[in-house]
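Chemist: compute the structure for the input listed below.
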Amino acid sequence: MSTIEQNNTPESNTPQASKVLDSLKSWKIIIPILIGLGVTIWMFCREYQPGMFDMIQFTGWSIFWLFVASLAMAIRDIGYMARIRVLSDYDISWRSSFRIIMLWEFASAVSPSAVGGTSVALFFVNREGINIGRSTGIVMVTSFLDELFFALVFPIVVFLIGYQNVFGIDEGLISGFAKLAWIGYGLKLSYIFVLSYGLFVNPQGLKWLLVQIFKLPFINRWKNKAEEMGDEIVHTSIYFRHWPFKRWIKAFVATSASWLARYWVANALIVAFFGIHQLGWFDHFVVFGKQLAMWIMMLVAPTPGGAGFAEYIFKEFLAAFIPMGAGVTIALAWRMVSYYPYLIMGVILLPRWISQIKIRHKKSSK
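Modeler: Numbering: from 1, shown residues only. All right, here's what the predicted structure looks like:
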């Protein structure tokens, strides 16, 4: 029996389970909401001018394009659900995958962007009936595929659309945004190279290297965590390194569909509020490219779910395509569609999900 198939049932790790659940208290949604709305109000007060909303149009077509924006987010979630089903060899049902993705997004929404919800995603997958070894592999490969998408698509988009179109003139805030984007891209690329080596070339060697690095005096407090991560890489490699290429293609297509759908949300919102003629056909691709850069920049955001930082960067980075003074409104609408629904879904699903897990645990212990 391989390491990944060892007896790790979904009801194991009880102390870890309570620790994870404590980190997801529903009241934590207050923090990103206050930060996000606080920054939005601050930007609004700073930029308010009489007549600033005159350019905003709201017609029957606005409702249609708001529906398109919401549909794009739905496609994004369906792509994530399809991917996790592929990675689990379809052992996770559509219903379970919906719970996992919604709770995962909720965890990401209440965690700093650099941390995300990955640290608790393993717990969600495990509690849906997948043993610890496979849960670890699914979560790690999910992260790998996300970073691979960014690593491949970002330079292609910048090349096709043009550096100047994506980042604007090289001065002031725009220059700072470009630096943030390339720093984030460098971090993602480094993660891809290291994880690829560990998953597909030499997992034991990477584990050994991690342990040696974390023996250094100033970081040795995390040595045990490094050993755990090394074990996770080894377990994941055992399960996925000989996976059929066809399945990798399916998982990556689902990943790409998910992210691509999300990047068209801003386009739909701009059209919803300012009409179909606000953006030319090439402008749509520029807005798409800017959103790709924005999500990479948000990697360094220290606030839960990038709250505050996301609203600010959206308003500043897409200013050229939004009439003067309306950027704050569109930034808020963007977050209302792409961020706040996950906070709401988390509050609704988390208590019920915890109750079901406790009932399941009681039954299994009898």
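
Chemist: in the stretch 51-200 of the chain, where is pLDDT below threshold?
Modeler: Counting by pLDDT under 70, the ranges of the stretch 51-200 of the chain that qualify are 51-55, 112-119, 169-174.

Chemist: swap in 50 and give it another go.
Modeler: Residues of the stretch 51-200 of the chain meeting the criterion pLDDT under 50: 170.

Chemist: what ranges do the helices span in it?
Modeler: With DSSP state H, counting those that start in this stretch as the criterion, the stretch 51-200 of the chain has helices at 60-87, 94-109, 118-126, 132-161, 163-167, 172-200.

Chemist: would you list these in a markdown table and tack on distance to residue 221 and mean neighbour count?
Modeler: The C-beta positions use only the backbone N, C-alpha and C, and glycine is treated the same way. As requested, the helices of the stretch 51-200 of the chain are arranged in a markdown table below (distance: least, CB to CB, whole Å; neighbours: other CB atoms under 10 Å):
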| stretch | distance to residue 221 | mean neighbour count |
| --- | --- | --- |
| helix 60-87 | 32 | 18 |
| helix 94-109 | 24 | 22 |
| helix 118-126 | 17 | 22 |
| helix 132-161 | 23 | 20 |
| helix 163-167 | 39 | 16 |
| helix 172-200 | 21 | 16 |
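
Chemist: so which of these is nearest residue 288?
Modeler: With CB to CB, the closest approach to residue 288 among those belongs to helix 132-161: 7.5 Å.

Chemist: gap between the closest one and the chain center?
Modeler: Helix 132-161 sits 11 Å away from the centroid of its parent chain (CA atoms, centre = their mean, to the nearest Å).

Chemist: can you check stretch 96-111 too?
Modeler: In terms of CA atoms, centre = their mean, the centre of stretch 96-111 is set 10 Å apart from its chain centre.

Chemist: so what touches stretch 188-201?
Modeler: 140-141, 143-144, 147-148, 150-151, 205-207, 233, 236-237, 240-241, 296, 299 (CB atoms under 8 Å, 6 or more residues apart in numbering).

Chemist: if we use 6 Å, what do you get?
Modeler: With contact meaning CB atoms under 6 Å, 6 or more residues apart in numbering, stretch 188-201 is reached by 144, 147-148, 150-151, 206, 233, 237, 241.

Chemist: one step back: figure out which of the helices of the stretch 51-200 of the chain is closest to residue 330.
Modeler: In terms of CB to CB, the element of the helices of the stretch 51-200 of the chain nearest to residue 330 is helix 60-87, at 11.0 Å.

Chemist: so where do the helices sit in the stretch 201-350 of the chain?
Modeler: 203-213, 223-240, 245-263, 265-274, 281-297, 309-317, 327-338, 340-365.

Chemist: got the contact list for the fifth one?
Modeler: Spelled out, it's helix 281-297. The contact list for helix 281-297, computed with CB under 6 Å, 6+ apart, reads 154, 157, 161, 165-166, 180-181, 184-185, 263, 266-267, 313, 317-318, 321.

Chemist: closest to residue 280 out of those?
Modeler: Nearest to residue 280 out of the contacts of helix 281-297 is residue 321 (CB to CB; 9.9 Å).

Chemist: export only the CA atoms of stretch 212-229, formatted as CSV.
Modeler: Presented in CSV, the C-alpha positions along stretch 212-229 are these (Å, rounded to 0.1, in the frame of the first residue of the first chain):
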residue,chain,number,x,y,z
GLN,A,212,17.9,21.9,5.4
ILE,A,213,16.8,25.4,4.6
PHE,A,214,14.6,25.6,7.7
LYS,A,215,17.4,24.5,10.0
LEU,A,216,18.8,28.0,9.6
PRO,A,217,18.7,29.8,13.0
PHE,A,218,16.3,32.6,12.0
ILE,A,219,13.7,30.3,10.5
ASN,A,220,14.1,27.0,12.4
ARG,A,221,10.9,27.6,14.3
TRP,A,222,9.1,26.5,11.1
LYS,A,223,11.2,23.4,10.6
ASN,A,224,8.4,21.0,11.5
LYS,A,225,6.1,22.8,9.1
ALA,A,226,8.7,22.4,6.4
GLU,A,227,8.9,18.7,7.1
GLU,A,228,5.1,18.4,6.9
MET,A,229,5.2,20.2,3.5
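
Chemist: alright, calling it a day.
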